[in-house]
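**Student:** For reference, the sequence and a predicted model appear below.
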Amino acid sequence: MLVTAVGMRTEWGKLMVTLSEVGEDETPLQVKLNGVATIIGKIGLAFAVLTFLVLVGRFLLTKANHHEITKWSSRDALELLNFFAIAVTIIVVAVPEGLPLAVTLSLAFAMKKLMKDRALVRHLSACETMGSACCICTDKTGTLTTNHMVVDKIWICEKTKSIQTDDDKDLLMPSISEGVHGILLQSIFQNTGSEVTKGKDGKTNILGTPTETAILEFRIAYGR
């Protein structure tokens, strides 16, 4: 056997690196919240500027009515500074400081709800996408199935043979020689790491991966 790559340089290792990488893309909820925060900030800024202009305009009109438009004192400067402080206060109040905390709490409650449905979520940001999932596509045996595989077809001597549960075990491969049949059955045992054991009830149990278990079951069932 020639080893060309080990560890993270193998295809499996590259796949694990890809899965472990944290993407920089924002979640849909974060995109919406950023949009809402931007709109709120723009509205607060507009009202702050409008309030400052109205206060300054009223102040100037008052001085003009009293014919004091050319007379300025430190008290007038403090009043203008007060108007500016009011505008800044409006901008500060408009910023939603409690929004991130509210989002974190909502995602935490969503995680608890998913845990009740027996769905473990490791990251809070995944709750919004997991909660809106309506279809899960997977090909991993054992995740959504009984973790049991069987041999359905076999190709040997340029011929394909479908395996049925009701097939006659002695007539499985009548078109191949006995030598080829023996080599096939021996190679199954030589190229598997599973173990065949017998339980207390006398039944034969096979310990190993689903693929190797299926091949060994085929060997035991049709190895006569």
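**Tutor:** Arrived safely, thanks for sending.

**Student:** quick one: K63 and R75, what's the gap?
**Tutor:** 12 Å (CB to CB, to the nearest Å). Heads up, the C-betas are built off the backbone N, CA and C, glycines and all.

**Student:** So those two - more neighbours on which side?
**Tutor:** Ranked by neighbour count (other CB atoms under 10 Å), K63 and R75 place K63 first, with 15 against 8.

**Student:** Report the contact partners of the more buried one.
**Tutor:** Residues near K63 by CB atoms under 8 Å, 6 or more residues apart in numbering: I69, K71, D76.

**Student:** As CSV, those residues with distance to S125, secondary structure and neighbour count would be great.
**Tutor:** Putting the contacts of K63 into CSV (distance: CB to CB, whole Å; DSSP: H, G, I helix; E, B strand; the rest coil; neighbours: other CB atoms under 10 Å) gives the following:
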residue, distance to S125, secondary structure, neighbour count
I69, 58, coil, 12
K71, 60, coil, 9
D76, 52, helix, 13
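
**Student:** Of those, which is the nearest to P28?
**Tutor:** Using CB to CB, D76 comes nearest to P28 of those, at 51.2 Å.

**Student:** Helix, strand, or coil at the residue located most distally from the centre of the chain?
**Tutor:** Using CA atoms, centre = their mean, the residue of the chain lying farthest from its centre is H67. It sits 69.9 Å away. The three-state label given to H67 by DSSP: H, G, I helix; E, B strand; the rest coil is coil.

**Student:** How is the protein partitioned into domains?
**Tutor:** Annotated domains of the chain cover 28-96, 100-131, 153-221 [automatic domain parsing].

**Student:** what are the ranges of the strands in this structure?
**Tutor:** In the chain, strands defined by DSSP state E lie at 153-156, 159-162, 195-198, 204-207, listed in chain order.

**Student:** Present those strands as JSON lines; the columns should include distance to F109.
**Tutor:** Shown next, in JSON lines, are the strands of the chain (distance: least, CB to CB, whole Å):
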{"stretch": "strand 153-156", "distance to F109": "49"}
{"stretch": "strand 159-162", "distance to F109": "52"}
{"stretch": "strand 195-198", "distance to F109": "47"}
{"stretch": "strand 204-207", "distance to F109": "42"}
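
**Student:** Can you say which of those strands is packed in most?
**Tutor:** strand 204-207 (a mean of 13; mean count of other CB atoms under 10 Å).

**Student:** Now do that one, average pLDDT.
**Tutor:** Mean pLDDT, computed over strand 204-207, is 80.

**Student:** With stretch 15-35 instead?
**Tutor:** pLDDT averaged over stretch 15-35 gives 71.

**Student:** Show the end-to-end separation of that stretch, please.
**Tutor:** Taking CA to CA, to the nearest Å, the first and last residues of stretch 15-35 lie 34 Å apart.

**Student:** Could you do stretch 148-156 as well?
**Tutor:** 24 Å.

**Student:** Please identify the buried residues of the helix or strand bottoming out on mean pLDDT in the chain?
**Tutor:** The weakest-scoring helix or strand in the chain, judged by mean pLDDT, DSSP states H and E, is helix 127-131 (a mean of 70). For helix 127-131, burial by neighbour count (16 or more other CB atoms under 10 Å) applies to C127, E128, M130.
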